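Peer 1: Structure for this input, please:
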Amino acid sequence: MEGVPEPHSGWTFLTNHARVLAVIADNHSARIRDIAAHCRLTERAVQKIIADLEQDGYLSHTKEGRSNIYRIEPDRLLRHPAEAGLSVAALLSLLAQDEAGRARRP
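Peer 2: Sure, this is the predicted structure:
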């Protein structure tokens with residue numbers, strides 16, 4: 001089926017929710033199609049993840065014309081007890097450093 005990313009087998013360090021949030025942090029007006037392509041997810045999966053993040057208060061959006069502009073709540077704490085006290089901002093700062101380093105690599 002065209003447009004569906006290749007499946008990934010095996011485990012990964014980041015959840016799809018973290019990946020989607022990182023893409024939105026990089027571009028607050030990213031289209032669902034672009035987020036899906038970057039994260040190698042289906043558009044439907046990204047819609048569900050965004051709905052989850054909005055429902056739990058990590059993300060909100062406003063409409064500007066036909067586009068969504070997302071707002072991340074950086075002070076929200078991560079959900080898992082093992083990350084107690086860590087904020088969304090702390091997670092995103094780690095991911096942003098990784099992205100910056102990745103862009104410099106040949």
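
Peer 1: Show me the shaky parts of this protein.
Peer 2: Confidence mapping of the chain against pLDDT under 70 gives the ranges 1-8, 97-106.

Peer 1: can you give me the helices for it?
Peer 2: 16-26, 32-39, 43-55, 88-104 (DSSP state H).

Peer 1: where's the closest residue to Pro74 other than its chain neighbours relative to Glu64, distance?
Peer 2: Setting aside the residues directly before and after it, Pro74 is nearest to Ala89 in space (CB to CB, 6 or more residues apart in numbering), at 3.7 Å. In short, each C-beta sits where N, CA and C put it, glycine included. Taken as CB to CB, to the nearest Å, the spacing of Ala89 relative to Glu64 amounts to 24 Å.

Peer 1: Tell me which of the two has more neighbours.
Peer 2: When neighbours are counted by other CB atoms under 10 Å, Ala89 comes out ahead of the other of Ala89 and Glu64, with 14 against 9.

Peer 1: gap between Leu95 and Glu64?
Peer 2: Counting by CB to CB, the gap from Leu95 to Glu64 is 25 Å.

Peer 1: Columns distance to Asn68 on top of the helices of the chain, output as a markdown table?
Peer 2: Output for these, formatted as a markdown table (distance: least, CB to CB, whole Å):
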| stretch | distance to Asn68 |
| --- | --- |
| helix 16-26 | 10 |
| helix 32-39 | 8 |
| helix 43-55 | 9 |
| helix 88-104 | 18 |
